[in-house]
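Student: Just the structure for this:
(one chain, ligands or ions: 1)
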Amino acid sequence: MIQIKHLSKKFGALEVLRDVSITVRKGEVISIIGPSGTGKSTFLRCINLLDRPSGGSIVINGVDILDPKADVPAIRRKMNMVFQSFNLYQHLSVMDNLTLGPVKLLQTGRQDAEKKALELLKLVGLAEKADSFPDELSGGQKQRVAIARCLAMEPSIILFDEPTSALDPTMVSEVLAVIRRLARDGMTMLIVTHEMKFARDVSSRVLYMDEGVIYEEGPPEQIFDNPQKERTKIFINRVRSFNYRIASPDYDLYAMNAEIELFCEKQILPLKSRQSLQLLVEEVLQICADTLRSTAIELAITHSEKTGEIKLLVESGGAEENILESAALPDELGLTIIRNLTRSIAYKRDGGQNRLTLILKEQ
Ligand SMILES: Nc1ncnc2c1ncn2[C@@H]1O[C@H](COP(=O)(O)OP(=O)(O)OP(=O)(O)O)[C@@H](O)[C@H]1O
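Tutor: Presented below is the predicted three-dimensional model:
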């Protein structure tokens, strides 16, 4: 369906895409993941010519779209894009946002366009909002309207550029649910996303982009559970774990909790697990207050998607000491809470570090 060969893109001296080659088949759902600034969005924008590639070729259904004679507006219609920032027309109602393209560009009759628009609004769960204006909708609703508007143009492929990045975390799942539904219906999609769990569930193939190339690609099981190449391994480990360094007893508890919260949201952990995890971290740090006067503490939280296990690793330097068995514990209550929250607690002295591993009880 799409054959991309040796695609490159420069912005002045900045070489964002170096040599990207890939074939996309009909019905494939491809997630594009990777560190920030590695050219994922630029890649999508080059495919639908919002950015003009500097080199290489893009052939869609046999048509070379970089040929100066190519009908760019027609190509774009077949490859509609959903943006992070929705890009709805603020002065038009939801219905008019959906019918504008089909009436003006596809020459669909207004009645037919409205009938189709209503069907699509039903599909994304927003039929009752047909007469509303974008600023009367939540972020999640706006993005679902944007998806319906994209579908109204009857694209053969949809390009999603971080469709949930601008959303309040509570609204992410309603948008992802709509994209999942499209995947089930066989829509061909390329999705740039930071939602790893979603990428894993919905994709038939995952591209890991780094430094302007497709560094590794494969089925989601390979990329997420068994990445083959070094940079992919580092990236996957980093998104899977939360790391936080605390250097003084006066650390910013609120900032730390906000980061833990963000990690939990990305991992889609249930509320109960989040609360238990935060309580566990707080209680452990309370007990560590003395240790923090003389040495820094590194926290690492990991969540295994396979087993659901949530692990907290507390690492500190200084003399050999299992802080949970220290004679100078501030109070027994904290320790009791920690024991109640965990399934196992293990201490190990390793490479001059004190390592305490706590595994949260299943909630
Ligand atoms: N129009 C532009 N002019 C100049 N530089 C640009 C332009 N668009 C993107 N870039 C640069 O190209 C690089 C890649 O940007 P891009 O948005 O494609 O990355 P990304 O992988 O999608 O990142 P993120 O995940 O943070 O969105 C960045 O360094 C960015 O600043």
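Student: what's the neighbour count on the residue of the stretch 201-350 of the chain found nearest the ligand?
Tutor: Nearest residue of the stretch 201-350 of the chain to the ligand, counting by CB to the nearest ligand atom: Met209, 6.6 Å away. From N, CA and C alone the C-beta is placed, and that goes for glycine too. Residues lying near Met209 (other CB atoms under 10 Å) number 22.
Student: next one: Ser304
Tutor: Neighbour count of Ser304, defined by other CB under 10 Å: 11.
Student: How about Phe242?
Tutor: Phe242 has 22 nearby residues by other CB under 10 Å.
Student: circling back: for the residue of the stretch 201-350 of the chain closest to the ligand, name its beta-bridge partners.
Tutor: According to DSSP bridges, the partner residues bridging Met209 are Ile214.
Student: my guess is it meets Phe43, correct?
Tutor: Yes - assessed by CB atoms under 8 Å, Met209 is found in contact with Phe43 at 6.9 Å.
Student: all helices of the stretch 201-350 of the chain, in order?
Tutor: Using DSSP state H, counting those that start in this stretch, the helices of the stretch 201-350 of the chain run over residues 220-225, 230-240, 253-266, 271-287, 289-294, 332-341.
Student: Let's have those helices in JSON lines, adding mean neighbour count and mean pLDDT.
Tutor: Formatted as JSON lines, the helices of the stretch 201-350 of the chain follow (neighbours: other CB atoms under 10 Å; pLDDT from 0 to 100):
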{"stretch": "helix 220-225", "mean neighbour count": "18", "mean pLDDT": "91"}
{"stretch": "helix 230-240", "mean neighbour count": "15", "mean pLDDT": "86"}
{"stretch": "helix 253-266", "mean neighbour count": "15", "mean pLDDT": "86"}
{"stretch": "helix 271-287", "mean neighbour count": "18", "mean pLDDT": "91"}
{"stretch": "helix 289-294", "mean neighbour count": "14", "mean pLDDT": "87"}
{"stretch": "helix 332-341", "mean neighbour count": "14", "mean pLDDT": "91"}
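Student: between those helices, which gets nearest to Gln90?
Tutor: Among the helices of the stretch 201-350 of the chain, helix 253-266 comes nearest to Gln90, with 28.4 Å by CB to CB.
Student: And the ligand, is that closest one touching that?
Tutor: No - if you take CB under 6 Å from any ligand atom as the test, helix 253-266 misses the ligand, and the best it gets is 13.9 Å.
Student: for that helix, packing partners?
Tutor: strand 241-246, helix 271-287 (3 or more CB pairs under 8 Å, 6 or more residues apart in numbering; DSSP states H and E).
Student: Of all these, which one comes closest to Arg25?
Tutor: Evaluated over these, closeness to Arg25 peaks at strand 241-246, with 33.9 Å, by CB to CB.
Student: counting contacts, what elements does the closest one pack onto?
Tutor: helix 253-266, strand 297-303.
Student: Go again with 6 Å.
Tutor: strand 297-303 (3 or more CB pairs under 6 Å, 6 or more residues apart in numbering; DSSP states H and E).
Student: Can you list the buried residues in the least confident helix or strand in the chain by mean pLDDT?
Tutor: Across the helices and strands of the chain, mean pLDDT, DSSP states H and E gives its lowest value to helix 72-78, namely a mean of 79. Across helix 72-78, burial judged by 16 or more other CB atoms under 10 Å covers Ile75, Arg76, Arg77, Lys78.
Student: what does it contact?
Tutor: Residues from elsewhere that reach helix 72-78 (CB atoms under 6 Å, 6 or more residues apart in numbering): Asn48, Leu49, Ile65, Met153, Pro155, Ser156.
Student: With distance to the ligand, secondary structure and pLDDT added, can I get those in CSV?
Tutor: Formatted as CSV, the contacts of helix 72-78 follow (distance: CB to the nearest ligand atom, whole Å; DSSP: H, G, I helix; E, B strand; the rest coil; pLDDT from 0 to 100):
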residue, distance to the ligand, secondary structure, pLDDT
Asn48, 14, coil, 87
Leu49, 14, coil, 88
Ile65, 19, coil, 88
Met153, 24, coil, 93
Pro155, 21, coil, 92
Ser156, 23, coil, 90
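Student: May I ask which two of these are separated the most?
Tutor: Ile65 and Met153 (16.8 Å).
Student: Neighbour count: these two, which is higher?
Tutor: Each of Ile65 and Met153 had its neighbours counted (other CB under 10 Å), and the higher figure belongs to Ile65 (22 against 18).
Student: still on that earlier bit, which of the helices of the stretch 201-350 of the chain sits closest to Ala127?
Tutor: helix 253-266 (29.0 Å).
Student: so how far is that closest one off the chain centroid?
Tutor: From the chain centre to the centre of helix 253-266 is a distance of 16 Å (CA atoms, centre = their mean, to the nearest Å).
Student: Go ahead and report the secondary structure state at Leu182.
Tutor: What DSSP: H, G, I helix; E, B strand; the rest coil gives for Leu182 is helix.
Student: Tally up the residues packed near it, please.
Tutor: 20.
Student: Likewise for Gly12?
Tutor: 5.
Student: so what pLDDT did Pro270 get?
Tutor: At Pro270, the model reports a pLDDT of 83.
Student: Contact partners for it?
Tutor: By CB under 6 Å, 6+ apart, Pro270 lies in contact with nothing.
Student: one more time with 8 Å, if that's ok
Tutor: If a contact means CB atoms under 8 Å, 6 or more residues apart in numbering, then Pro270 has Gln363 as its contacts.
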